[in-house]
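Asks: Make a model of this:
(one chain, ligands or ions: 1)
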Amino acid sequence: MSSTPEFRSGFACFVGRPNAGKSTLTNALVGRKIVITSSKPQTTRHAVRGIVHKDDAQLILVDTPGLHKPRTLLGERLNDIVKTTWAEVDVIGICLPASDKIGPGDRFLVSEAAKVARTPKVALATKADLVSPERMAEHLLEIGRLGEAVGIEWASVIPVSATSGFQVDLVSDELAKFLPVGMPLYPDGEITDEPEETLVAELIREAALEGVRDELPHSIAVLVEEMNLREGRPEDKPLLDVYASLYLERDSQKGIIIGHKGSRLADVGARARTQIEALLGTPVYLDLHVKIAKNWQTDAKGLRKLGF
Ligand SMILES: Nc1nc2c(ncn2[C@@H]2O[C@H](COP(=O)(O)OP(=O)(O)OP(=O)(O)O)[C@@H](O)[C@H]2O)c(=O)[nH]1
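Replies: The predicted structure follows:
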C-alpha cells in the first residue's frame, strides 16, 4: 500500500458578521491568487472567491451573501439561499474576531449555522495580532460557550491572523481535513489577481479557443466593453449584462470562430456564460461581438490591452 495520503478537494465558505475578517483571510489563504480555468466543468454555482492549492488538497473558497435577521419574506428567502450554500459546502469557517466581544450579530449567525447540522464547523478567532494572549484565552472560552449554547460541536477552534500570517496555514490544513477524497476540481492553471473584467475576458477567450487552438493559436483577444448589473431587477433575481468583443487578427479567421450560421459562436457564448456565472455567482446575459483588430495592430497600447 502506498503511504501517500489521498488527495482531497472540495468547498469551504467563511461566515461572519461584517468586518469579521473573512475577505482578508480568504486573500491570505489564497495568497492573492485566483485561479481561473475553463477546461473543466464548474462544480459550483456559487461565486468562487479563491482556490487554495496544497500538495495534498485543493480548497475552493466560495462566497455567500450575508445572512440578516429576516424582516420580510424576501429576507427569509435570501437566508434560505445562504443556508443551502452552508449545507452544500464541505466545511464552514466561522470568523469571530478576537478584537471584539462576541455580540448579538455573532450569536445570530452561529445559531443559524447550528441549524445546518451536518456541515462541520471550524471556529476561527480572527485578528489574533490585535489582542493579548489573555484576551485571546478569554475569547476562546467565549467561543466554546457559544458553541455549547447553540448546540455546535466545533471541529476545532483556531486563533489566526490574516495580516501577520499567524496560523494561516493551520487554517487551510484544518479546513482541508473535511474535504472529500477526490481529484483537483481546478487545474493549476493561470493564476491572477486581476479585476473581474479581465477574468471574464479570459473565460470568454478560453471558450472561444476550445477546439480551434491549433488553428488560431494567439489570434484571439477579448475585451469586456461593459459589465453592469441590469437595473430594475428584483433583488433576488439579479442579472449581469456583459458586453464583450472578440477580436481576431484577420477576416479569414471569422468563419472559424463564428461557424455555420453562427452556431459555433452561439456555443462559445453559452459556454462562456456558464463559466462567468459560476465565477461571479450571478446569472449573466452575454452579448458577444466578433471584430477584426486591424486598427489595433498599429496601436501598441491597444494591442497590449488586448493581450496580443
Ligand atoms: N489587525 C488585523 N486586521 C485585520 C485582520 N483581518 C482583517 N482585518 C481588518 O479588518 C477589517 C475587515 O476585514 P475584512 O476582511 O474586510 O472583513 P469581512 O468579514 O470580509 O467584512 P465584510 O466584507 O464587511 O463582510 C479590515 O480593515 C481588515 O484590514 C487581521 O488578521 N488583523
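
Asks: Within the helices and strands, which one has Glu277?
Replies: Following DSSP states H and E, the helix or strand that holds Glu277 is helix 263-280.

Asks: Mind giving me the packing neighbours of that helix?
Replies: helix 196-209, strand 240-248, helix 254-258, strand 284-292 (3 or more CB pairs under 8 Å, 6 or more residues apart in numbering; DSSP states H and E). Any C-beta I mention is one placed from the backbone N, CA and C, and that applies to glycine too.

Asks: and those, which is most packed in?
Replies: helix 196-209 (a mean of 22; mean count of other CB atoms under 10 Å).

Asks: any idea of the mean pLDDT in that helix?
Replies: What helix 196-209 shows for mean pLDDT is 83.

Asks: following it, which helix or strand shows up next?
Replies: Heading C-terminal from helix 196-209 (DSSP H and E), you reach strand 221-229.

Asks: residues in contact with that following strand?
Replies: 196-198, 200-202, 204-205, 208, 238-247, 282, 293, 305-308 (CB atoms under 8 Å, 6 or more residues apart in numbering).

Asks: What pLDDT is listed against the residue of the stretch 201-308 of the chain found nearest the ligand?
Replies: Here the residue of the stretch 201-308 of the chain nearest the ligand is Gly281; by CB to the nearest ligand atom that distance is 14.8 Å. At Gly281, the model reports a pLDDT of 77.

Asks: and if you look at Trp86?
Replies: Trp86 is assigned 87 on the pLDDT scale.

Asks: tell me which parts of the stretch 51-200 of the chain are close to the ligand?
Replies: Residues of the stretch 51-200 of the chain found near the ligand (CB under 6 Å from any ligand atom) are Thr126, Lys127, Asp129, Leu130, Ser161, Ala162, Thr163.

Asks: 5 Å - rerun?
Replies: Selection of the stretch 51-200 of the chain residues close to the ligand by CB under 5 Å from any ligand atom yields Lys127, Asp129, Leu130, Ser161, Ala162, Thr163.
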